[in-house]
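Student: I would like the atomic coordinates for the input below:
(2 chains)
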Amino acid sequence: AQSVTQLDSQVPVFEEAPVELRCNYSSSVSVYLFWYVQYPNQGLQLLLKYLSGSTLVKGINGFEAEFNKSQTSFHLRKPSVHISDTAEYFCAVSRNNFNKFYFGSGTKLNVKP
Amino acid sequence: KAGVTQTPRYLIKTRGQQVTLSCSPISGHRSVSWYQQTPGQGLQFLFEYFSETQRNKGNFPGRFSGRQFSNSRSEMNVSTLELGDSALYLCASSPDRGSPGNTIYFGEGSWLTVV
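Tutor: Numbers count the residues shown, from 1 in each chain, chains lettered A, B, ... in the order given. Coordinates of the predicted model:
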């Protein structure tokens, strides 16, 4: 079975500071990893995904994430955040070619001026 | 290209009633899945349909059901509503071309309040 852990429920950060949102997963089989963002009263939007290959993946809005197989982690980073990045971020895993995703509990990023 | 469209966006129902939610996937997408989002349980997978067949099912009671039509549009139904069914119901579609690691694309959701 898969599980996804987002250790931080809330992350406050000042504008233009760097940020890292942590995600760890557990799975006995190979998984595919995703980060989604949810703005208030909206659905989820894909930020980036890791399927295979280079462990550093770049996504939209300047975000990137690094897959670390030995630590079973897929942390999301941004070198300089903006007020508009304030949202909730979800890490998710899927496996094989099934569209059943397992989501973490989410991390609310609050960017302060 | 239009995104995933869900209707209605907001609705209020009374305990014991039933509700039907609709989802139109992105054009060309054959897979539609449904998720329930609540503050307490987070995002939970309900079920997935592909070519009018339920391909995957989450751990929800039989009161939750769904179907998919030949044009890939999907509906989900919740019967005998309970207060705990109040949630944001999200639909997601995927092109699912048979390769692993498909991306799913979400609609804006249907907010259901049970009173």
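
Student: Enumerate the beta-bridge partners assigned to the most centrally placed residue in chain A.
Tutor: The centroid of chain A falls nearest to residue A:35 when counting by CA atoms, centre = their mean (3.6 Å). Under the criterion DSSP bridges, residue A:35 forms beta bridges with residue A:48, residue A:91.

Student: Count the residues that sit near the nearest residue to residue A:112 once chain neighbours are set aside.
Tutor: Closest residue to residue A:112 apart from its sequence neighbours, by CB to CB, 6 or more residues apart in numbering or on different chains: residue A:14 at 5.4 Å. For every residue, glycine as well, the C-beta is placed using N, CA and C. For residue A:14, the neighbour count with other CB atoms under 10 Å in any protein chain shown is 10.

Student: Now do the contacts for residue A:14.
Tutor: A:111, A:112, A:113 (CB atoms under 8 Å, 6 or more residues apart in numbering or on different chains).

Student: Verify the stated contact: the first one with residue A:86.
Tutor: Yes. Here residue A:111 lies in contact with residue A:86, judged by CB atoms under 8 Å, at a distance of 4.8 Å.

Student: So for these two, which sits in the more crowded spot?
Tutor: Neighbour totals were compared for residue A:111 and residue A:86, and residue A:111 leads with 20 against 16 (other CB under 10 Å).

Student: same for the helix or strand encompassing the more buried one, what does it pack against?
Tutor: Assigned by DSSP states H and E, residue A:111 belongs to strand A:107-112. With contacts defined as 3 or more CB pairs under 8 Å, 6 or more residues apart in numbering or on different chains; DSSP states H and E, strand A:107-112 has these neighbours: strand A:10-14, strand A:19-21, strand A:87-94.

Student: Show me what from chain B comes close to chain A.
Tutor: Within chain B, the positions adjacent to chain A are B:4, B:31, B:33, B:35, B:42-45, B:48, B:50, B:55-56, B:58, B:90, B:92, B:94, B:96, B:98-109 by CB under 8 Å from any CB of the partner chain.
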